[in-house]
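In: Pasting a predicted model and its sequence here:
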There are 2 protein chains.
Amino acid sequence: MTADPPRRRGRPSHDGTAPGPGTRERILRTAREEFSARGYDKTSVRAIAKAAGVDPALVHHYFGTKEEVFAAAIEVSMEPALLVASVLGRDGGGIGDVSDIGERLARQFLGIWENPATRGPLLAVIRSALTHEAAAKVLRSFVLRQILERIARELDVPDPKFRAELAASHMIGISILRYVIQVEPLASADPEDIVAMVAPTLQRYLVEP
Amino acid sequence: MTADPPRRRGRPSHDGTAPGPGTRERILRTAREEFSARGYDKTSVRAIAKAAGVDPALVHHYFGTKEEVFAAAIEVSMEPALLVASVLGRDGGGIGDVSDIGERLARQFLGIWENPATRGPLLAVIRSALTHEAAAKVLRSFVLRQILERIARELDVPDPKFRAELAASHMIGISILRYVIQVEPLASADPEDIVAMVAPTLQRYLVEP
């Protein structure tokens, strides 16, 4: 690697400057754990670097600012391309059947939350986004722009971004009541019972004119 | 008033022990401002008392613990009885017409958020509830139990509490995306455009079998 790399804002290409294979992934995994455990505000690049056993400069080298580390940690949790492809029913290139897109979106979304490996980072994003503008910006620019706009672009409805945001608002609200506030009976409900109720709503927002 | 009142957990009746008319209301209004400005965690009964110009013992006397002060500050903001009555279309005693309950609920809810006087305290509740268990408990026990259960009790659908929570999840998610994260175009949308899209969803959850 280059000696004493300066703080770079862009994400560098994987050009062999890493001290070893898997270092980047280890930093990301550590960052995700630190953000989940401490929240955005109380997590520093220095603390992430220490927990990952690397120099802080290397974290900056790979990811840039703390905000960019956070965005990368979220991105790796969400695997948005896979999510969007799955929701849109793609398995090659063309758009799939939209007749059950609401059901697929609801099931995919709850599946991510039911998985303990992804729930922690998502809780960290939501908690942080509600209290820190930097994290809110990540949610705005990443989750909403990348995921929702990609979905909206494929839809044939008026105001597709508005529609996609309404769908997202419902799913985010369910996450908050079920996983954060934990209200009953929603917190203990069978995910499929939620899918059955919510799917027609998402379907209407995303497909019906 | 009694000399040196002990910290009482219950809310005392208004039995004339106040040092002057309006004191209780002034404490409540101050509490709401303090919680809105600083969040649940950073607000103390001592700070509320100081800002209201009273002895901390008087705050405890009227409201009990900090958690109970918070609940009272929220309650006064929400005026739940009025909200429920309005949503249910009551103006005397019997339940009103449910054919447009979804529309009325959506409009009422957005109206509360569009009002700057109630938006601040609500933002404080949501932010606090996502980061502090005590505030989450207030949201669970107050907003959900008092408001939603009252609405659910009047409805004739299977699983009325589950249905009411799904409706609430949508409205809470919209608040978060519109007022906290401020995603566009949702953040700048005309409230009536939101009502038009969301009303059929709430109607289905709350009325249709």
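Out: In hand now; what should we look at? Numbers count the residues shown, from 1 in each chain, chains lettered A, B, ... in the order given.

In: Near the closest residue to residue A:120 other than its chain neighbours, how many other residues are there?
Out: Nearest residue to residue A:120, sequence neighbours excluded (Cβ to Cβ, 6 or more residues apart in numbering or on different chains): residue A:36, at 4.0 Å. Quick note: C-beta positions are derived from backbone N, CA and C, even for glycine. Using other Cβ atoms under 10 Å in any protein chain shown, residue A:36 is surrounded by 20 other residues.

In: Need the pLDDT of residue A:36.
Out: What the model reports as pLDDT for residue A:36 is 74.

In: Could you do the one 10 residues further on as well?
Out: Among the per-residue scores, residue A:46 shows a pLDDT of 95.

In: That one: neighbour count?
Out: By other Cβ under 10 Å, the residues close to residue A:46 number 12.

In: give me the residue from chain A nearest chain B.
Out: residue A:173 (2.7 Å; Cβ to the nearest Cβ).

In: tell me which element the closest residue in space to that residue that isn't next to it in sequence is part of?
Out: Once flanking residues are discounted, residue A:173 sits nearest to residue B:173: 2.7 Å by Cβ to Cβ, 6+ apart. Per DSSP states H and E: residue B:173 is located in helix B:160-175.

In: and what of residue A:28?
Out: Remark: residue A:28 resides in helix A:23-42, with elements defined by DSSP H and E.

In: now the strands: where do they sit in chain A?
Out: Taking DSSP state E, chain A contains no strands at all.

In: Can you find the helix or strand of it with the lowest average pLDDT?
Out: helix A:80-88 (a mean of 64; mean pLDDT, DSSP states H and E).

In: the domain parsing of chain A - what is it?
Out: A:1-77, A:79-207 (automatic domain parsing).

In: neighbours around residue A:179, how many?
Out: 16.

In: who touches the closest residue to residue A:70 other than its chain neighbours in this structure?
Out: Nearest non-adjacent residue to residue A:70, counting by Cβ to Cβ, 6+ apart: residue A:138, 5.7 Å away. By Cβ atoms under 8 Å, 6 or more residues apart in numbering or on different chains, the residues touching residue A:138 are A:67, A:70, A:71, A:74, A:125, A:129.

In: Tell me, what's the model's pLDDT at residue A:138?
Out: Looking at residue A:138, its pLDDT reads 74.

In: Where does the prediction get shaky in chain A?
Out: A:1-20, A:76-96, A:142-144 (pLDDT under 70).

In: For it, which segments count as helices?
Out: Along chain A, counting by DSSP state H, helices occupy A:23-42, A:45-52, A:56-63, A:66-78, A:80-88, A:101-114, A:116-131, A:133-138, A:149-153, A:160-175, A:191-207.

In: Kindly compare burial across these and name the winner.
Out: Highest mean neighbour count among those (mean count of other Cβ atoms under 10 Å in any protein chain shown): helix A:160-175, with a mean of 24.

In: between that one and helix B:160-175, how big is the angle?
Out: With axes from the mean of the first three to the mean of the last three Cα atoms, to 10 degrees applied, the angle from helix A:160-175 to helix B:160-175 works out at 130 degrees.

In: With just CA atoms, put helix A:160-175 into CSV.
Out: Output of helix A:160-175 as CSV, limited to C-alpha atoms (Å, rounded to 0.1, in the frame of the first residue of the first chain):
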residue,chain,number,x,y,z
PRO,A,160,-43.9,7.2,-9.3
LYS,A,161,-41.5,8.7,-6.7
PHE,A,162,-44.4,9.9,-4.5
ARG,A,163,-46.0,6.4,-4.8
ALA,A,164,-42.8,4.7,-4.0
GLU,A,165,-42.3,6.9,-0.9
LEU,A,166,-45.8,6.2,0.3
ALA,A,167,-45.1,2.4,0.0
ALA,A,168,-41.8,3.0,1.9
SER,A,169,-43.5,5.0,4.6
HIS,A,170,-45.8,2.1,5.3
MET,A,171,-43.0,-0.5,5.5
ILE,A,172,-40.8,1.8,7.7
GLY,A,173,-43.7,2.5,10.0
ILE,A,174,-44.3,-1.2,10.4
SER,A,175,-40.7,-1.8,11.2
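
In: Show me what it is packed up against.
Out: helix A:101-114, helix A:116-131, helix A:149-153, helix A:191-207, helix B:160-175, helix B:191-207 (3 or more Cβ pairs under 8 Å, 6 or more residues apart in numbering or on different chains; DSSP states H and E).

In: Just put these in CSV and tack on distance to residue B:119.
Out: CSV is the format used below for these (distance: least, Cβ to Cβ, whole Å):
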stretch, distance to residue B:119
helix A:101-114, 28
helix A:116-131, 14
helix A:149-153, 27
helix A:191-207, 25
helix B:160-175, 9
helix B:191-207, 13
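
In: So which of the ones you listed is nearest residue B:50?
Out: Residue B:50 lies closest to helix A:116-131 among the helices and strands packed on helix A:160-175, at 24.6 Å (Cβ to Cβ).

In: I'd like to know how far residue A:171 sits from residue B:61.
Out: 44 Å (Cβ to Cβ, to the nearest Å).

In: cool, residue A:124 as well?
Out: To residue B:61, residue A:124 is 40 Å away according to Cβ to Cβ.

In: And residue A:114, by the same measure?
Out: The spacing between residue A:114 and residue B:61, counted by Cβ to Cβ, is 46 Å.

In: try residue A:61
Out: With the distance defined as Cβ to Cβ, residue A:61 ends up 59 Å from residue B:61.

In: same question, residue A:202
Out: Residue A:202 is 50 Å from residue B:61, by Cβ to Cβ.

In: what does residue A:22 give?
Out: Applying Cβ to Cβ, one obtains 61 Å for the distance of residue A:22 from residue B:61.

In: Ok, residue A:189 next?
Out: For residue A:189, the distance to residue B:61 (Cβ to Cβ) stands at 41 Å.

In: Also residue A:43?
Out: When distance is defined by Cβ to Cβ, residue A:43 is 41 Å away from residue B:61.

In: was I right about residue A:101 contacting residue A:201?
Out: No - look at residue A:101 against residue A:201 with Cβ atoms under 8 Å: they stay out of range, at 11.9 Å.

In: Once you drop chain neighbours, what's closest to residue A:27?
Out: residue A:52 (4.8 Å).

In: Next up, the contacts around the one you found.
Out: A:26, A:27, A:30, A:31, A:59.

In: Please apply the same query to residue A:193.
Out: residue B:162.

In: how about the residue nearest to residue A:66 when sequence neighbours are not counted, what does it touch?
Out: Spatial nearest neighbour of residue A:66, chain neighbours left out: residue A:45 (5.2 Å); criterion: Cβ to Cβ, 6+ apart. Applying Cβ under 8 Å, 6+ apart to residue A:45 gives the contacts A:56, A:59, A:60, A:66, A:69.
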